[in-house]
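>>> No letters, just coordinates:
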């Protein structure tokens, strides 16, 4: 007889980190009680963050105290029979190879001196993933100097939460690294650094603390009972995600101060936008259509907050705004309408070009609104803070109509701009600058050398075959041809983190089972764009 649910709604995990030569292994014991006659199919860990086949890093999977384990229909599954009392005890070891998982941005961060994992990267699928249960989770017997941490609670040695597996997918556990703890209104904040960086550790601690304090003071919001900022070292990556009680990022050891501070300020701003300022809508694609606000305004305010914190100069702020205008000018779908965007999503043609455009469009709309509000003796910071207070009275959610009405009352025609720039895809042109920079800077229209890969990057990436090579392009002259087997590109998207116009674009193809690098400078015709320059 097989049961799909567990009779006693409690699962207990005990996790013991063990240092090895090149990694930290996790010895995990899990216990639950079920019907003594039942047979359960248990699924090994599966990574929602994109690391392939993580179940292969389970090096041991044994039963204890009379339970019986057999293989399931594939290597991803195990069948478990409880002992005569209906108790299941399983012991398994998670042993991630740091070298093999390094290529995945959000993969576990593993070293002999530390570890950092999402819930889905170590937890088993037991029963219904949607079923709420009491989870008791303990981290035990770690090296004495290690700081243990979890997004679930303040004491990682003893965690208890009523949740489903799906609720815990993005939760985090970790230990080791270097840490710095401080308090905001008596609420603890811990910064944990895992791995070495070119930026001195104390500078990272000081800058991160400034950002955390300023954001909470900025919103006058001190409700989080605790918070962790976990900075992980990962080669050739700049990525981060904000989850409940924690921000975790993965960045290269060579990241510069501005890049690190911007990702910290950006992702932690998501604690308020959209976590506490969520626009609800009936359109199934509404979340994507409103990324110009949730991501674009966050992009703008990340820079503003760094200026306020003294971590970014006014000139650096202007430089970043100019780059965003350049990135829009370079985007091959810069005039895409909302209906075209939705069609692309349905046809699975959604790419980084679509995603990034929302960020840059939104940041430019934010600058436009800043100019309009300052002419009314208001500012965009007060607009967002007021919107936060308004949505706080509505459990953090407002309708589109409420959003447009609130904005109109504050002095902004958000509905008009949404229709013009997002629905219809018109070009966003500034007519003036905010008063705070108007005295020292001016708007000009200038020629700009456009990024031109010379072939259809979107279709090429989708089909894995080089497509649409222009015979008059630099790509053609370098030897790129249609139907070559596509592997990947480097330095291939202006505006993407790590892009440099001083480096050649590399298209890696496969010809007769051998890989070949085709390199060229992907800059071609000039276009007219706006830029902000000193007077």
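Great, that's in hand. Model, not experiment: these values are computed from the prediction. Residues are numbered from 1 along each chain as shown.
>>> so where do the strands sit in the stretch 201-350 of the chain?
Assigned by DSSP state E, counting those that start in this stretch, the strands in the stretch 201-350 of the chain fall at 227-233, 238-243, 246-251, 278-280.
>>> My reading is that residue 412 lies in a strand. Confirm?
No. Assignment of residue 412 by DSSP: H, G, I helix; E, B strand; the rest coil gives coil, placing it outside any strand.
>>> Isn't it up against residue 374?
No. Counting by Cβ atoms under 8 Å, no contact exists between residue 412 and residue 374, whose distance comes to 11.9 Å. The way it works is simple: take the backbone N, C-alpha and C, and place the C-beta from them, glycine included.
>>> These two: which has the busier surroundings?
Neighbour totals were compared for residue 412 and residue 374, and residue 412 leads with 21 against 18 (other Cβ atoms under 10 Å).
>>> Next up, phi/psi of that one, please.
phi -120, psi 130 (degrees, to the nearest 10).
>>> Excluding sequence neighbours, find me the nearest residue to it.
residue 369 (5.4 Å; Cβ to Cβ, 6 or more residues apart in numbering).
>>> And for residue 65?
Closest residue to residue 65 apart from its sequence neighbours, by Cβ to Cβ, 6+ apart: residue 89 at 4.7 Å.
>>> Run through the residues that contact the one you found.
Residue 89 is in contact with 29, 30, 31, 63, 64, 65, 67, 83, counting by Cβ atoms under 8 Å, 6 or more residues apart in numbering.
>>> Which of those sits closest to residue 238?
Checking the contacts of residue 89 against residue 238 by Cβ to Cβ gives residue 30 as the nearest, at 35.0 Å.
>>> Helix, strand or coil: sort out that closest one for me.
Under three-state DSSP, residue 30 comes out as strand.
>>> In terms of secondary structure, what does the host helix or strand of the residue nearest to residue 412 contact?
Take DSSP states H and E as the rule and residue 369 turns out to sit in helix 352-374. Counting contacts by 3 or more Cβ pairs under 8 Å, 6 or more residues apart in numbering; DSSP states H and E, helix 352-374 is packed against helix 291-294, helix 296-308, helix 314-330, helix 338-346, helix 380-392, helix 414-417, helix 435-438.
>>> CSV please, covering these and showing distance to residue 274 and mean neighbour count.
As requested, these are exported to CSV (distance: least, Cβ to Cβ, whole Å; neighbours: other Cβ atoms under 10 Å):
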stretch, distance to residue 274, mean neighbour count
helix 291-294, 4, 22
helix 296-308, 9, 23
helix 314-330, 20, 18
helix 338-346, 18, 15
helix 380-392, 10, 17
helix 414-417, 15, 16
helix 435-438, 26, 15
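>>> So for residue 472, which of those helices sits nearest?
Closest among those, using Cβ to Cβ: helix 314-330, at 19.0 Å.
>>> Just the mean pLDDT for the closest one, thanks.
For helix 314-330, mean pLDDT rounds to 93.
>>> Correct me if wrong: the residue nearest to residue 412 contacts residue 383.
Yes. Look at residue 369 against residue 383 with Cβ under 8 Å: they come within range, at 7.3 Å.
>>> Overlap in contacts, these two.
When contacts are counted by Cβ under 8 Å, 6+ apart, residue 369 and residue 383 have residue 412 as shared neighbours.
>>> Was I right to think residue 345 contacts residue 288?
Yes. With contact defined as Cβ under 8 Å, residue 345 reaches residue 288; the gap is 6.9 Å.
>>> Leaving out sequence neighbours, find the closest residue to residue 188.
residue 226 (5.0 Å).
>>> show me what contacts that neighbour?
Residues near residue 226 by Cβ under 8 Å, 6+ apart: 153, 154, 187, 188, 189, 190, 245.
>>> now those in TSV, with secondary structure?
As requested, the contacts of residue 226 are exported to TSV (three-state DSSP):
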residue	secondary structure
153	coil
154	coil
187	strand
188	strand
189	strand
190	strand
245	coil
